[in-house]
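A.B. asks: here is a sequence together with a model predicted from it:
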Amino acid sequence: MTFTTRPTLRGTFGMVSSTHWLASQSAMRILELGGNAFDAAVAAGFVLHVVEPHLNGPGGEVPGIIATADNPTPRVLCGQGVAPAGATIDHYTSLGLTLVPGSGPLAATVPGAVDAWLLLLHDHGTLPLRVVLEPAIDYARNGHPLVPRVGETVSTVQELFEENWKTSAALWLRDGRPPTGMFRNEAYAATLERLLTEGEAAGADRQAQVEQARKTWREGFVAEAVDKFSKLPHRDSSGEDHAGLITGDDMAAFQATWEDPATLDWNGYTVAKTGPWGQGPALLQSLAVLAELGDVDLDSADGVHTTVEVMKLSYADREAWYGDDADVPLKTLLSPAYAAERAKLVGPEATRELRPGHPDGRKPVLHSIAVGNDLGDATTGEPTVSSDGVTRGDTCHVDVIDRWGNIISATPSGGWLQSSPTIPELGFCLGSRAQMFWLEDGLPASLAPGRRPRTTLTPTLVLRDGQPVMACGSPGGDQQDQWQLLFLLRHLGAGMDLQEAIDAPAWHTTGFPSSFYPRATEPGGLVMESRLGSAVRDELVRRGHVVTEGDAWSLGRLCAVRKEADGVLAAAANPRGMQGYAVGR
């Protein structure tokens with residue numbers, strides 16, 4: 001028997017895996033009450049807003065991928081908010097900005113997560129709104145034990161809160177110190193309770209209640225508070241005070257949507273991701289190129305080198321071609337012919353160049369700004385927060401599969417407590433996903449009103465013979481699909497058990513522009529867990545990689561649930577960070 005940090009759970013009733021044990025157990029409670037995977041995921045999503053406030057919040061976003069017991073065809077739930085109507089390149093450049101700030105009101109897109117969770121509940125849930133929201137309301141009203149990272153995050157931005165973001169200081173500081181122990185957010189509890197009360201005023205019908213709660217969020221007291229607070233100038237990562245751009249009209253205009261996924265047939269499976277408004281297709285491109293190169297030994301320096309060089313190629317294409325743009329040549333980018341062409345570029349030495357391809361003979365265009373070299377602490381994979389509130393890679397994840405065959409992978413993020421000042425009457429802040437836009441015309445990820453930023457959030461659903469068999473995902477910003485690639489190669493490629501594949505040593509490349517302010521890059525950068533060993537590290541250095549060796553258990557935050565060949569349900573969760581957990585029976 002192979003040792004793992006915890007067992008892969010197996011059973012027949014239902015399985016949940018998430019980045020926080022309270023979210024996992026809250027979702028399991030919903031399954032025990034007779035709810036389905038979608039009821040459970042929504043309950044977990046609202047709990048994550050409360051218990052991982054440094055990783056996500058109601059002002060953030062969530063993409064998800066689902067398949068139902070009645071229809072195995074995967075569908076993407078898009079809860080990624082758009083740029084507000086006033087968010088033009090001219091507006092930002094008139095303020096003397098060359099990049100969208102990484103924090104503060106100007107960095108916000110329209111909040112998308114709450115509407116998306118409620119749309120999922122409306123269209124595919126079965127339980128009343130009250131039952132699904134009860135766990136989050138209870139934890140917000142009566143308190144929950146904070147994970148240490150919350151206080152550490154607050155400590156990092158304490159000076160910003162005290163001097164500039166007074167409303168955040170009022171919520172997150174206790175007698176001038178970051179919070180520890182039990183924490184309550186009564187303002188947010190009141191927000192949820194009011195959504196529930198106004199939803200239930202629509203009558204006894206479950207869907208009518210959910211739809212009324214959505215309308216209240218978009219057009220009622222939440223939108224009014226966002227509109228009012230957004231007009232107030234606050235300090236952002238540019239070092240200046242700027243007002244935000246989100247209005248009540250922007251809130252009213254946005255609704256979450258259902259879309260078709262991008263897919264790739266690989267190794268007998270079909271892997272489904274979001275479209276190229278997210279980075280998800282980069283995982284598909286990497287799988288396609290690796291299929292051309294043949295099997296790789298992930299325990300060897302050659303295997304690390306090969307996967308890193310392939311990921312560099314995929315992420316170079318992400319920079320040149322991905323965005324919320326109808327003209328993305330995705331069919332060609334995912335074609336076998338293009339993968340074969342790209343595979344020829346993988347050589348024995350590390351490249352330090354950004355090498356996007358020429359799909360359909362088109363010339364790639366990259367942003368003209370020379371990016372810096374300061375990546376902060378690239379080894380953590382956990383929140384990396386500077387004193388001005390700029391944050392990289394903060395995210396949560398939840399996967400659920402139920403006994404009927406419903407399955408979901410969702411990656412909520414944004415609206416971090418450190419992303420923007422707290423709106424006091426609501427108990428949460430806006431997000432900062434607009435930092436992923438470029439302030440230059442003519443790029444797939446150029447800023448434009450109503451456009452989605454090219455998000456790093458990237459849930460995964462896997463099918464076999466047309467039937468969904470696995471949901472997985474990971475926090476980690478630009479690293480999300482890199483860590484998921486290693487997991488898929490180990491689990492679906494090499495046959496490792498779920499937990500074994502999650503526990504295995506991880507690595508990633510930083511050799512492309514970061515999606516996060518200040519859009520830094522590290523040519524040739526490779527971050528690896530020290531468990532890979534000195535011999536592997538030394539060989540990678542010899543090949544030209546700029547290696548940063550992280551702690552032994554520092555990279556990757558994977559969650560996964562699946563249906564095995566015999567029909568048994570399984571789940572596993574990442575031990576790194578010591579807060580993710582799988583539950584099930």
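C.D. replies: Yep, that arrived.

A.B. asks: give the helix, strand or coil label for residue 341.
C.D. replies: helix (DSSP: H, G, I helix; E, B strand; the rest coil).

A.B. asks: got the buried residues for stretch 491-508?
C.D. replies: 491-494, 496-508 (16 or more other CB atoms under 10 Å). C-beta here means a position set from N, CA and C on the backbone, and glycine is covered the same way.

A.B. asks: and stretch 206-213, by the same measure?
C.D. replies: Buried, per 16+ other CB under 10 Å, within stretch 206-213: 206, 208-213.

A.B. asks: neighbouring contacts of that stretch?
C.D. replies: 118, 121-122, 125-129, 195-196, 198-203 (CB atoms under 8 Å, 6 or more residues apart in numbering).

A.B. asks: show me the buried residues of stretch 491-508 that map onto helices.
C.D. replies: Among these, the members found in helices (DSSP state H) are 498-503.

A.B. asks: would you turn these into CSV with pLDDT?
C.D. replies: Converted to CSV, these look like this (pLDDT from 0 to 100):
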residue, pLDDT
498, 98
499, 98
500, 98
501, 98
502, 98
503, 98
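
A.B. asks: could you work out the most separated pair of those residues?
C.D. replies: Farthest-apart pair in these is 498 and 503; separation 9.7 Å (CB to CB).

A.B. asks: was I right about residue 225 contacting residue 427?
C.D. replies: No - when contacts are counted by CB atoms under 8 Å, residue 225 is not listed as touching residue 427 (10.1 Å).

A.B. asks: JSON lines for the buried residues of stretch 206-213, including secondary structure, distance to residue 568 and pLDDT?
C.D. replies: Shown next, in JSON lines, are the buried residues of stretch 206-213 (DSSP: H, G, I helix; E, B strand; the rest coil; distance: CB to CB, whole Å; pLDDT from 0 to 100):
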{"residue": "206", "secondary structure": "helix", "distance to residue 568": "31", "pLDDT": "97"}
{"residue": "208", "secondary structure": "helix", "distance to residue 568": "38", "pLDDT": "98"}
{"residue": "209", "secondary structure": "helix", "distance to residue 568": "36", "pLDDT": "98"}
{"residue": "210", "secondary structure": "helix", "distance to residue 568": "33", "pLDDT": "98"}
{"residue": "211", "secondary structure": "helix", "distance to residue 568": "37", "pLDDT": "98"}
{"residue": "212", "secondary structure": "helix", "distance to residue 568": "40", "pLDDT": "98"}
{"residue": "213", "secondary structure": "helix", "distance to residue 568": "36", "pLDDT": "98"}
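
A.B. asks: so where do the helices sit in the stretch 351-500 of the chain?
C.D. replies: 480-488, 498-503 (DSSP state H, counting those that start in this stretch).

A.B. asks: just the buried ones among the contacts of stretch 206-213, please.
C.D. replies: 118, 121-122, 125-129, 195-196, 198-200, 202.

A.B. asks: show me what counts as buried in stretch 357-365.
C.D. replies: For stretch 357-365, by 16+ other CB under 10 Å, it's 357, 359.

A.B. asks: quick one: mean pLDDT over that stretch.
C.D. replies: Mean per-residue pLDDT for stretch 357-365: 96.

A.B. asks: so what's residue 232 up against?
C.D. replies: So residue 232 contacts 105, 243 (CB under 8 Å, 6+ apart).

A.B. asks: need the three-state assignment for it.
C.D. replies: Strictly by three-state DSSP, residue 232 counts as coil.

A.B. asks: need phi/psi at it.
C.D. replies: Main-chain torsions, residue 232, degrees, to the nearest 10: phi -90, psi 130.

A.B. asks: separation between it and residue 105?
C.D. replies: Residue 232 sits 8 Å away from residue 105, going by CB to CB, to the nearest Å.

A.B. asks: now for those two: what residues contact both?
C.D. replies: With CB under 8 Å, 6+ apart, residue 232 and residue 105 have common neighbours residue 243.

A.B. asks: for the protein, longest helix please?
C.D. replies: helix 301-321.

A.B. asks: sorry, back to before: dump the helices of the stretch 351-500 of the chain to a markdown table, plus distance to residue 26.
C.D. replies: Output for the helices of the stretch 351-500 of the chain, formatted as a markdown table (distance: least, CB to CB, whole Å):
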| stretch | distance to residue 26 |
| --- | --- |
| helix 480-488 | 23 |
| helix 498-503 | 22 |
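
A.B. asks: what sits against the residue minimising distance to the centre of the chain?
C.D. replies: By CA atoms, centre = their mean, the chain has its centre lying nearest to residue 457, at 3.3 Å. If you count contacts by CB under 8 Å, 6+ apart, residue 457 has them with 61-63, 80, 274, 278, 395, 411-413, 480.

A.B. asks: picking up where we left off before, ok, which of the helices of the stretch 351-500 of the chain comes nearest residue 319?
C.D. replies: helix 480-488 (13.8 Å).

A.B. asks: quick one: average pLDDT of the closest one?
C.D. replies: pLDDT averaged over helix 480-488 gives 98.

A.B. asks: ok, back up a step: inside strands: which ones of the contacts of residue 457?
C.D. replies: 62-63 (DSSP state E).

A.B. asks: could I get the contacts of residue 457 as CSV with neighbour count and distance to residue 2?
C.D. replies: Below are the contacts of residue 457 laid out as CSV (neighbours: other CB atoms under 10 Å; distance: CB to CB, whole Å):
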residue, neighbour count, distance to residue 2
61, 31, 37
62, 32, 34
63, 31, 33
80, 29, 38
274, 25, 33
278, 29, 33
395, 27, 29
411, 32, 28
412, 36, 32
413, 29, 32
480, 33, 26
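
A.B. asks: will you turn the contacts of residue 457 into JSON lines that also has distance to residue 142?
C.D. replies: As requested, the contacts of residue 457 are arranged in JSON lines below (distance: CB to CB, whole Å):
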{"residue": "61", "distance to residue 142": "27"}
{"residue": "62", "distance to residue 142": "25"}
{"residue": "63", "distance to residue 142": "31"}
{"residue": "80", "distance to residue 142": "32"}
{"residue": "274", "distance to residue 142": "36"}
{"residue": "278", "distance to residue 142": "36"}
{"residue": "395", "distance to residue 142": "26"}
{"residue": "411", "distance to residue 142": "28"}
{"residue": "412", "distance to residue 142": "22"}
{"residue": "413", "distance to residue 142": "26"}
{"residue": "480", "distance to residue 142": "33"}
